[in-house]
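Peer 1: Need coordinates for the following:
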Amino acid sequence: MAYMDETFFHETVLPLVAREGACLIGISTPLTAANFFTKLVTFKNDDGSLFFKTLHIELICNECRKKKKKDVKEMIQCPHNLHKLPTWRPKERQDRLRIISEHFGDPNMGARELFGEITEDFGNALPTDEIEAVFSEDLKVASQFLTTENPTFILVAIDPNYGGQSETAIVSGYFIVERHNTETFTGVVCIFFSVF
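Peer 2: Numbering: from 1, shown residues only. Have a look, this model is predicted:
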């Protein structure tokens, strides 16, 4: 369900679920926090409770997740929830798959596929909290990312494989070289992101 087109969900699935007695059972490997399916299963009511009844099987315990949040290779070493493995996947097989994922593949994908993790900042150019701060309605928070200088460079990137109806994303940002005493500091700040 994580790869389902959102239009299909809104135009086909929701009208079917609107019938009395109908329900929706969705199953998927979690992706990133920005993924449509992840947003659905983590959506909350006004009182803070989950909107949907959700069974989330995670093989990484909360303690290891907190300690090793910034290093996915460390996080997937967690041995504490392996008792939750399905009977058709022996622990030895899980260990071998983890090693392959860690050394020959994408550890982020391994965290999602093998351990049921919703990955956020792993592999992102900027941490999620910084991206949210740029677009914050709180001017004190957002203003720390504003500049009064003219950008040295404006960068534009187009990703024709991202998603949305046209499967295209456009990101633009500016690059400023700031000089303080004899040291040079550089920075890139994203100012626009759009999926078409």
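Peer 1: Okay, and the closest residue to residue 157 other than its chain neighbours sits in which element?
Peer 2: Residue nearest to residue 157 in three dimensions, not counting chain neighbours: residue 171, with 4.9 Å by CB to CB, 6 or more residues apart in numbering. Where you see a C-beta, it was placed from the backbone N, CA and C, and this is true even at glycine. If you go by DSSP states H and E, residue 171 is part of strand 169-180.
Peer 1: Looking at that strand now, give me its mean pLDDT.
Peer 2: For strand 169-180, the mean per-residue pLDDT is 67.
Peer 1: Look at the residue nearest the centre of the chain and report its pLDDT.
Peer 2: Centroid check for the chain by CA atoms, centre = their mean gives residue 32 as the closest residue, at 2.5 Å. Residue 32 is assigned 75 on the pLDDT scale.
Peer 1: Give me the phi and psi angles of it.
Peer 2: Main-chain torsions, residue 32, degrees, to the nearest 10: phi -80, psi 170.
Peer 1: From what I see, it and residue 118 are in contact.
Peer 2: Yes. Counting by CB atoms under 8 Å, residue 32 touches residue 118, with 7.0 Å between them.
Peer 1: tell me, what's touching those two both at once?
Peer 2: residue 38 (CB atoms under 8 Å, 6 or more residues apart in numbering).
Peer 1: Residue 29 contacts residue 117, doesn't it?
Peer 2: No. If you go by CB under 8 Å, residue 29 and residue 117 don't touch, sitting 9.5 Å apart.
Peer 1: Compare those two (neighbour count), which wins?
Peer 2: residue 117 (23 against 16; other CB atoms under 10 Å).
Peer 1: Wait, the more buried one touches residue 111, no?
Peer 2: Yes. If you go by CB under 8 Å, residue 117 and residue 111 touch, sitting 4.1 Å apart.
Peer 1: Spit out the residues that contact these two alike.
Peer 2: With contacts defined as CB under 8 Å, 6+ apart, the residues shared by residue 117 and residue 111 are 60, 75.
Peer 1: what about stretch 67-75, how long is it end to end?
Peer 2: 8 Å (CA to CA, to the nearest Å).
Peer 1: Offset the numbering so it begins at 58, please.
Peer 2: From this message on, residue numbering opens at 58, which makes the last subject stretch 124-132.
Peer 1: Render the CA-only coordinates of the longest helix along the chain in PDB, please.
Peer 2: Ordering each helix of the chain by length in residues (DSSP state H) puts helix 148-161 first. What follows is helix 148-161, C-alpha atoms only, in PDB (Å, rounded to 0.1, in the frame of the first residue of the first chain):
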ATOM      1  CA  LYS A 148      16.700 -15.700  13.300                       C
ATOM      2  CA  GLU A 149      19.800 -17.000  11.500                       C
ATOM      3  CA  ARG A 150      18.200 -16.000   8.100                       C
ATOM      4  CA  GLN A 151      17.300 -12.500   9.500                       C
ATOM      5  CA  ASP A 152      21.000 -12.100  10.600                       C
ATOM      6  CA  ARG A 153      22.300 -13.000   7.200                       C
ATOM      7  CA  LEU A 154      19.800 -10.700   5.400                       C
ATOM      8  CA  ARG A 155      20.800  -7.800   7.800                       C
ATOM      9  CA  ILE A 156      24.500  -8.400   7.000                       C
ATOM     10  CA  ILE A 157      23.900  -8.300   3.300                       C
ATOM     11  CA  SER A 158      21.800  -5.200   3.600                       C
ATOM     12  CA  GLU A 159      24.300  -3.500   5.800                       C
ATOM     13  CA  HIS A 160      27.400  -4.300   3.600                       C
ATOM     14  CA  PHE A 161      26.100  -4.600   0.100                       C
END
